[in-house]
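**Student:** got a structure for you, letters missing:
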C-alpha cells in the first residue's frame, strides 16, 4: 500500500511538472509565430498531445513497475 501511495504522489507531481513545462515552452514558441495563421493553433495542439503521450507512457511504466517488480495488484 505504501508503494502504491508513494508512486501515486510521484506520478501526480510528475504530471503537474510535465504540463507546466510543456505549456511554458509552447507559450514561448507561440510568441514567435505570425498571427493570423494556423501555426499557433497547430503548435498548441501538438504540444498538448505530446505532453499527454509522455504522461500516458509514464503511467504505463508505473503500472508495469507495480505489477511486475513490486507485485502490487494485477492487471487483467
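**Tutor:** Cool, got the structure. Bear in mind that the values here come from a model prediction, so they are computed numbers and not experimental data.
**Student:** okay, CA-based contacts and neighbour counts for the rest of this
**Tutor:** Fine.
**Student:** Can you pull out the residues in contact with stretch 38-51?
**Tutor:** With contact meaning CA atoms under 8 Å, 6 or more residues apart in numbering, stretch 38-51 is reached by 18, 19, 22, 23, 26, 27, 30, 33, 34.
**Student:** residues in contact with the fourth one?
**Tutor:** Just to be clear, that refers to residue 23. 47, 48.
**Student:** at 10 Å what do you get?
**Tutor:** Listed by CA atoms under 10 Å, 6 or more residues apart in numbering, the contact set of residue 23 reads 17, 29, 44, 47, 48, 51.
**Student:** how far is whichever helix or strand it is part of from where the chain is centred?
**Tutor:** Assigned by DSSP states H and E, residue 23 belongs to helix 2-30. With CA atoms, centre = their mean, to the nearest Å as the basis, helix 2-30 stands 6 Å off its chain's centre.
**Student:** For the remainder of this discussion, apply numbering that starts at 9.
**Tutor:** Right, with 9 as the first residue, what we last looked at is helix 10-38.
**Student:** Next, the buried residues of that helix.
**Tutor:** Buried residues in helix 10-38, counting neighbours by 16 or more other CA atoms under 10 Å, are found at 15, 19, 23, 26, 27, 30, 31, 34, 38.
**Student:** Appreciated, that's everything.
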